[in-house]
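J.: sequence and predicted structure, then a few things I'm wondering about:
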Amino acid sequence: MKMEFMYSYVLDLVYHMLAHMPVNNPSNLYSEEYIAKIREAKGGEFEDITEAMGQLAEYYNAHFERLGMVNFLPFGCQNLDALKYMVEQHPYFTAEDKDCFLYPFWELLQKEALFYESYWKDMYDRSETARVRLEDYLTKEWGKYKVLGSYFHKDRAIAGISYSMTCNGRGLGYYDAFSAIVPFVEEEKEYKMTFLQLLHEYTHQFTDGMLQQNINMEDGSHTFSEYVVLLFDYYLIKALCPEDLEGYLDYLCLITGEEDPITEELLFSGIKLPAQWHEKLKQLVKDICSISI
């Protein structure tokens, strides 16, 4: 199972826009640090989109269960025309969604592209050496977990690397591939956390299916799905690569914002899942680890 790397100006432009808009759930990418960096890069030559994006936030937050799809529409879009087609044709969106959010968002995005296209290309060109180092590391680490691809009949693991995603990641499953987007990092000390975020997004693509329901923020199913994926990864790492377990507990500290170290005891006391779910996850890990590749 091979790992492929994807860099996308179109995808990054959307995450760049979302970094300027506060969202009141865990998908939030809003970052004042990122906004300040962009203002400096613009040097007063281009419009600041922060206020305009902020004005769209209320409608976006109120209708997130539909509009959150904008995080995923750019996957596979080669240009802005393709993205526009996806926005206009996707069945999730109502006429009100288009008038109140999508069309104003699209107008802002087109204006911002005048700045962002050359800005993105410059970042991509300047990061060549760092990109190679990061790709080598992620490829090596994925080699320890490629049994997942064999078990779930995936031929590829696509790792999208984003210059504008400010935190966390996004995952989107294909019939023949795991696919996810994670932030680009330059420092080698951050590589392990980046790989674990990638693994987290890949894992969602089969643990979410175990819930056998639509997952959303409002009814608590999203939180439950996070508990499931976090514990599955714990059991998988412990069985397959126990040398990564300490790093995984550090990763949990990072994504939860905990200042004190998370121990295995704290992990189980903090994540409440029925006992049968623990047994389901442990059995799945056992089945995965038992196959030969």
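T.: All right, it came through fine. Residues are numbered from 1 along each chain as shown.
J.: phi first, then psi, for Ala157.
T.: phi -120, psi 110 (degrees, to the nearest 10).
J.: again with Ser162
T.: Residue torsions, per degrees, to the nearest 10, at Ser162 are phi -110, psi 140.
J.: least trustworthy helix or strand in the chain by mean pLDDT?
T.: helix 264-270 (a mean of 81; mean pLDDT, DSSP states H and E).
J.: what's that one packed up against?
T.: Helix 264-270 sits against helix 221-240, helix 245-256, with contacts defined as 3 or more C-beta pairs under 8 Å, 6 or more residues apart in numbering; DSSP states H and E. In short, each C-beta sits where N, CA and C put it, glycine included.
J.: thought Arg66 was touching Phe93?
T.: Yes: using C-beta atoms under 8 Å, Arg66 is in contact with Phe93, at 6.2 Å.
J.: picking that back up, return the most buried member of the helices and strands packed on helix 264-270.
T.: Counting by mean count of other C-beta atoms under 10 Å, helix 221-240 has the highest mean neighbour count of the helices and strands packed on helix 264-270, with a mean of 18.
J.: quick one, that one and helix 245-256 angle?
T.: 170 degrees (axes from the mean of the first three to the mean of the last three C-alpha atoms, to 10 degrees).
J.: tell me how far Asn207 lies from Ser150.
T.: You called it Asn, but residue 207 is Thr. Distance of Thr207 to Ser150, computed by C-beta to C-beta, to the nearest Å: 17 Å.
J.: burial measure for Gln110, as a count.
T.: 12 (other C-beta atoms under 10 Å).
J.: the top helix by length along the chain: how far from the chain's middle?
T.: Identified as the longest helix of the chain according to DSSP state H is helix 103-126. Chain-centre distance of helix 103-126: 20 Å, with C-alpha atoms, centre = their mean, to the nearest Å.
J.: residues in contact with that helix?
T.: Applying C-beta atoms under 8 Å, 6 or more residues apart in numbering, the contact partners of helix 103-126 are 7, 9, 12-14, 16-17, 41-42, 45-47, 49, 52-53, 56, 70, 80, 84, 87, 163-164.
J.: tell me which residues in it are buried?
T.: 104-106, 108-109, 112-113, 115-116, 119-120, 123-124 (16 or more other C-beta atoms under 10 Å).
J.: and the next helix or strand after it, how far from the chain's centre?
T.: For helix 103-126, the following helix or strand on the C-terminal side (DSSP states H and E) is helix 128-143. Chain-centre distance of helix 128-143: 18 Å, with C-alpha atoms, centre = their mean.
J.: buried ones in helix 128-143?
T.: In helix 128-143, counting by 16+ other C-beta under 10 Å, buried: 131, 134, 138-139, 141-142.
J.: so can I have CSV of the helices and strands packed on helix 264-270 showing mean pLDDT and distance to Pro183?
T.: Shown next, in CSV, are these (pLDDT from 0 to 100; distance: least, C-beta to C-beta, whole Å):
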stretch, mean pLDDT, distance to Pro183
helix 221-240, 90, 19
helix 245-256, 88, 12
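J.: distance to Tyr202 added to those, as CSV?
T.: Listed next are the helices and strands packed on helix 264-270 as CSV, based on distance: least, C-beta to C-beta, whole Å:
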stretch, distance to Tyr202
helix 221-240, 10
helix 245-256, 14
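J.: so which of these comes closest to Lys37?
T.: Closest to Lys37 of the helices and strands packed on helix 264-270, according to C-beta to C-beta: helix 245-256, at 20.7 Å.
J.: what packs against that closest one?
T.: helix 191-210, helix 221-240, helix 264-270.
J.: switch the cut-off to 6 Å
T.: helix 191-210, helix 221-240 (3 or more C-beta pairs under 6 Å, 6 or more residues apart in numbering; DSSP states H and E).
J.: state the number of residues packed around Val14.
T.: 24.
J.: would you mind telling me which of Thr207 and Ser150 has the busier surroundings?
T.: When neighbours are counted by other C-beta under 10 Å, Thr207 and Ser150 differ, and Thr207 comes out ahead with 22 against 14.
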